[in-house]
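Q: here you go, sequence then predicted model.
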Amino acid sequence: MESLQRATPPLATAAARPDTAAMTPGSDTDGSPSRGTQVVLVMNHNRDPLGDLCTALARNGYEVHVGDSLAQSHRLVSELRPDVVLLNPLVLCAGGVELELLEGLQRDDDPVPVILLVEDLQALADARHARVPFRDFVLKPSSPTECLHRVDLALQTRTRVRGLHVRARQLESQVSIDFKTGLTSELYMKRILGLEWKRAQRHQNPLSLMLIDVDNFKGVNDTTEYAFGDEVLRRVAEALKSNVRETDFAARFGGDEFCVLLPQTSPAEAVQTALRIRQRISGMVVAKGSYQRQVTVSVGIDSYDGRGTGSVDTLRRNANRALQEAKRRGKNQVWLYSGCESAN
């Protein structure tokens, strides 16, 4: 690509040529700070003389690429992702190539603002009718100063939108992860349970659910500090993580209860996994500060074969009955639901 040099007067002529780029980091010619390497794509399909506009953009620190045909713009879009698009359309219509190019740039979490150059308000109404994803517009003939101002505003808005999406992802992460153990949170696990249940039904695959309770955890909290109780939970969580597959889901359910969901896992396979977890934890001694405890867990299991009737609630209720039976039988036990357990 040819390079637009900001201090070169013939820039307007160069900018009128297709596929022209401009980027000069540092300071602008007036000594003001550069905006860095934000990319402006000028789709000059109507081939108006936009040299002064490209000059103004380059002098203000933008990297400018110009496509004066649909083919050139298509190639540029495939090679780079601009921060903002200035569209001087040839023919805007629903389902047209120009609209397809713009829609291909948009992402839910990172939309690329489009500034439309239009002849009159009727052209603007036509663009709205065609559902062109533009952020702003400028009536022609437009001044470079006005276009530059519109670009600045569009990029400020894009920065805010991206920041909001980042924050939303952070909040989602906080909701989906239990902060004490690093396992999946109870709220998010309920959503996963629903999705995996539907997947098991659709593909007629087995699905097993394991509920795990730390034995005598109340006594741990009553005779030690809460920080030690948290350490016990973290160590149990680590044991779960190291004894399940990447395709399984381990979560913390409430205070001292955990849950492991095992897709495509038969009852016998689930029991083997539970026995391995129980053995791993029973051989573990948790020590922190002046406190030390040997920890054990009780495990209740229920499975769905992917073919019969049932529900997520039934699966969880039966696993809980199996868990209570394991605790009734002396704790540090694994029990698979059989239907003969007490409902209490």
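A: Great, that's in hand.
Q: for F249, what are phi and psi?
A: As for F249, its main-chain torsions (degrees, to the nearest 10) stand at phi -130, psi 120.
Q: what does the one 4 residues further on give?
A: For F253, the backbone dihedrals (degrees, to the nearest 10) come out as phi -110, psi 100.
Q: likewise V132?
A: Here the main-chain torsion angles of V132 (degrees, to the nearest 10) amount to phi -70, psi 130.
Q: how much space between it and D109?
A: In this view, V132 and D109 are 21 Å apart by Cβ to Cβ, to the nearest Å. Placement of C-beta: from N, CA and C, glycine included.
Q: with adjacent residues omitted, what lies nearest to I277?
A: Taking Cβ to Cβ, 6 or more residues apart in numbering, and ignoring the residues beside it in sequence, I277 has N243 as its nearest neighbour in space, at 4.9 Å.
Q: I meant to write F137 there.
A: Nearest in space to F137, with sequence neighbours left out and distances taken as Cβ to Cβ, 6+ apart, is L116 at 4.4 Å.
Q: what about that neighbour, neighbour count?
A: Using other Cβ atoms under 10 Å, L116 has 24 other residues around it.
Q: let's verify it: helix, strand, or coil?
A: With DSSP: H, G, I helix; E, B strand; the rest coil as the basis, L116 sits in strand.
Q: check it and give its pLDDT.
A: Per-residue confidence at L116 stands at 91 (pLDDT).
Q: picking up where we left off before, burial of the residue nearest to I277, as a residue count?
A: Close neighbours of N243, defined as other Cβ under 10 Å, add up to 18.
Q: and for the one 10 residues further on?
A: F253: 20 surrounding residues under other Cβ under 10 Å.
Q: one step back: secondary structure class for the residue nearest to I277?
A: The local conformation at N243, judged by three-state DSSP, is coil.
Q: need phi/psi at it.
A: Note on N243: its backbone torsions stand at phi -120, psi 10 [degrees, to the nearest 10].
Q: longest helix in this protein, please.
A: Looking only at the chain and at elements set by DSSP state H, the helix with the highest residue count is helix 144-176.
Q: mind listing what's buried in it?
A: For helix 144-176, burial by neighbour count (16 or more other Cβ atoms under 10 Å) applies to P144, C147, L148, R150, V151, A154, L155, R158.
Q: leaving out the residues flanking it, which one is nearest to the fifth one?
A: What it means is V151. Closest to V151 by Cβ to Cβ, 6+ apart is V84, at 5.6 Å.
Q: return the residues in contact with the one you found.
A: Residues counted as contacts of V84 (Cβ atoms under 8 Å, 6 or more residues apart in numbering) are Q38, V39, V40, L41, V112, P113, V114, I115, V151, A154, L155, R158.
Q: 7 Å - rerun?
A: V40, V112, P113, I115, V151, A154, L155 (Cβ atoms under 7 Å, 6 or more residues apart in numbering).
Q: would you check that the fourth one makes contact with D152?
A: It refers to I115. No. The pair I115 and D152 does not pass the contact test of Cβ atoms under 7 Å, sitting 10.8 Å apart.
Q: so which residues of the stretch 1-150 of the chain form strands?
A: Defined through DSSP state E, counting those that start in this stretch, the strands belonging to the stretch 1-150 of the chain, from first to last, are 2-4, 20-22, 39-44, 63-67, 84-88, 114-118, 136-139.
Q: tell me the helices and strands packed up against the fourth one.
A: If you count contacts as 3 or more Cβ pairs under 7 Å, 6 or more residues apart in numbering; DSSP states H and E, strand 63-67 packs onto strand 20-22, strand 39-44, helix 51-59, helix 70-79.
Q: in terms of mean pLDDT, which of those ranks lowest?
A: Here the lowest mean pLDDT among the helices and strands packed on strand 63-67 goes to strand 20-22, at a mean of 43.
Q: can I get the contacts of V84 in TSV including distance to W335?
A: Written out in TSV, the entries for the contacts of V84 read as follows (distance: Cβ to Cβ, whole Å):
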residue	distance to W335
V40	66
V112	56
P113	59
I115	66
V151	66
A154	62
L155	61
